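> Sequence below, structure please.
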Amino acid sequence: MGHYQTMTRAWRIAFLLGATATLTACEDGQGFDFLKKKEAGEVAAVETEAELIEGSAETIEREVEAPDVFQASEDGLWDGRPSLGGVWVAYPGVKDPERVVIRNLANNKTVIGALFRRERDNPGPKLQLSSDAAQTLGLIAGQPTKMSVVALRTESVPVEKPAISTLSGSESLPAPDAIEAQPLDPIAKAKAALDKSTAAPAPKPVAAPVPKATEVAAAPARKSSSSLAKPFIQIGIFSVKENADNTATSLRGIGILPAVKQGSSQGKKFWRVVVGPSGSSSERATLLKKVKGLGFNDAYFVTN
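Purely as a prediction, here's the structure:
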């Protein structure tokens with residue numbers, strides 16, 4: 001009987017030693033590998049998602065020079081007469097109106113304007129400039145000046161998003177600041193609370209203000225949908241906003257509602273005056289005839 005008790009006690013001691021060794025191995029990080037694999041998989045999934053987000057990019061539109069569409073480097077002339085339509089230049093053989101950048105190579109001044117076909121074949125330089133273009137570029141009336149005219153085109157440029165950083169499993173967060181423990185006196189705290197409630201009266205409820213009804217209804221949005229590829233008519237391009245506003249005012253005087261749209265190219269601001277959109281070809285033709293009757297003979301159809 002004594003031998004049996006001795007053997008039982010030995011087996012219990014061996015079992016306890018084995019269990020202790022197993023727990024020690026887990027605490028040292030040598031056990032439960034399936035938990036480590038799961039954590040590694042979660043970190044990999046987060047990193048993959050971050051890489052996908054970083055790889056995505058937005059696009060913006062900007063105007064760039066397109067010399068293959070139109071380019072001319074030769075003498076330009078302003079005849080000294082005032083002209084309508086803002087900033088423009090005319091050149092023989094132009095098929096369609098274009099938006100161009102005009103440079104005065106003598107003083108390096110630039111301006112954004114419109115390019116039209118020159119109707120009259122007068123003697124002298126082929127490039128004929130408007131009065132607004134001449135004023136902005138510093139041209140002297142009747143004096144030929146070396147000019148450069150290049151067409152502009154709109155292109156989409158990708159803009160990369162900022163990288164999103166993620167915390168990996170190896171990085172550790174900073175330790176929190178130590179919290180100083182102070183003894184709490186329940187009797188003193190209760191007395192202070194009673195004194196505070198007696199000294200400060202309870203605030204009276206304040207009724208929330210009732211919003212006033214809107215007196216003026218918002219104006220309905222202007223309809224912009226049209227089946228035409230070019231439903232708008234561009235009156236002119238201006239380098240000075242005041243000139244664009246004055247042109248828009250003259251159009252409103254005869255019942256035409258224009259819009260002044262600001263743009264920029266190569267750091268230069270410009271303002272376009274457009275009217276529309278027209279719902280049909282006949283409506284657009286009638287509007288163009290009315291505009292040209294005011295003297296804006298260089299008005300033409302545009303997309304927007």
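> Test my guess that Gly142 contacts Arg81.
No. Using Cβ atoms under 8 Å, Gly142 makes no contact with Arg81, being 10.4 Å away. Every C-beta, even on glycine, is put in place using the N, C-alpha and C of the backbone.
> Run through the residues that contact Leu84.
With contact set as Cβ atoms under 8 Å, 6 or more residues apart in numbering, Leu84 has these partners: 236, 247, 295-298.
> These in helices, which ones?
Thr247 (DSSP state H).
> Quick check: the farthest pair among the contacts of Leu84?
The largest separation in the contacts of Leu84, counting by Cβ to Cβ, is between Thr247 and Asn297 at 13.8 Å.
> So these two - more neighbours on which side?
Thr247 (21 against 13; other Cβ atoms under 10 Å).
> Grab the nearest non-local neighbour of the more buried one.
Val273 (5.1 Å; Cβ to Cβ, 6 or more residues apart in numbering).
> Name the strands paired with the helix or strand hosting that neighbour and say parallel or antiparallel.
For Val273, the host element (DSSP states H and E) is strand 268-275. Applying DSSP bridges, strand 268-275 is found paired with strand 232-238 (antiparallel), strand 258-265 (antiparallel).
> Comparing these by mean pLDDT, which bottoms out?
Note on these: lowest mean pLDDT is at strand 258-265, with a mean of 90.
> got a list of contacts for it?
Residues from elsewhere that reach strand 258-265, judged by Cβ under 8 Å, 6+ apart: 62-63, 101, 112, 152, 235, 241, 244-245, 247-248, 251-252, 269-275.
> quick one on the thing from earlier: buried set for the strand holding Val273?
Buried residues in strand 268-275, counting neighbours by 16 or more other Cβ atoms under 10 Å, are found at 270-275.
> Among the residues you listed, which one sits closest to Val302?
Val274 (6.6 Å).
> The closest one touches Gln234, doesn't it?
Yes. Between Val274 and Gln234 there is a contact at 5.1 Å, judged by Cβ under 8 Å.
> nearest to Lys95, of the strands paired with strand 268-275?
Evaluated with Cβ to Cβ, the strands paired with strand 268-275 place strand 232-238 nearest to Lys95, the distance being 16.6 Å.
> and the helix or strand just after the strand holding Val273, which residues are buried?
Downstream of strand 268-275, the first helix or strand assigned by DSSP H and E is helix 281-292. Of the residues in helix 281-292, 284, 287-288, 290-291 count as buried by neighbour count, 16+ other Cβ under 10 Å.
> mind giving me a markdown table with those and columns for distance to Gly93?
Output for the buried residues of helix 281-292, formatted as a markdown table (distance: Cβ to Cβ, whole Å):
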| residue | distance to Gly93 |
| --- | --- |
| Arg284 | 26 |
| Leu287 | 28 |
| Leu288 | 23 |
| Lys290 | 29 |
| Val291 | 25 |
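> where does the stretch 1-150 of the chain dip in pLDDT?
Within the stretch 1-150 of the chain, the stretches with pLDDT under 70 are 1-57.
> And the helices in it, which stretches?
2-27, 33-55, 131-137 (DSSP state H, counting those that start in this stretch).
> How much space separates Val240 from Thr136?
Note on Val240: its distance to Thr136, by Cβ to Cβ, to the nearest Å, is 8 Å.
> whoops, I mixed them up, Gly253
26 Å.
> cool, Val100 as well?
From Val100 across to Thr136, the span is 14 Å (Cβ to Cβ).
> who has more neighbours, these two?
Val100 (29 against 24).
> Now that one. Nearest residue, chain neighbours left out?
In space, Val100 is closest to Leu115, 4.5 Å off (Cβ to Cβ, 6+ apart).
> quick one: the one you found and Val87 touch, right?
No. Using Cβ under 8 Å, Leu115 makes no contact with Val87, being 10.4 Å away.
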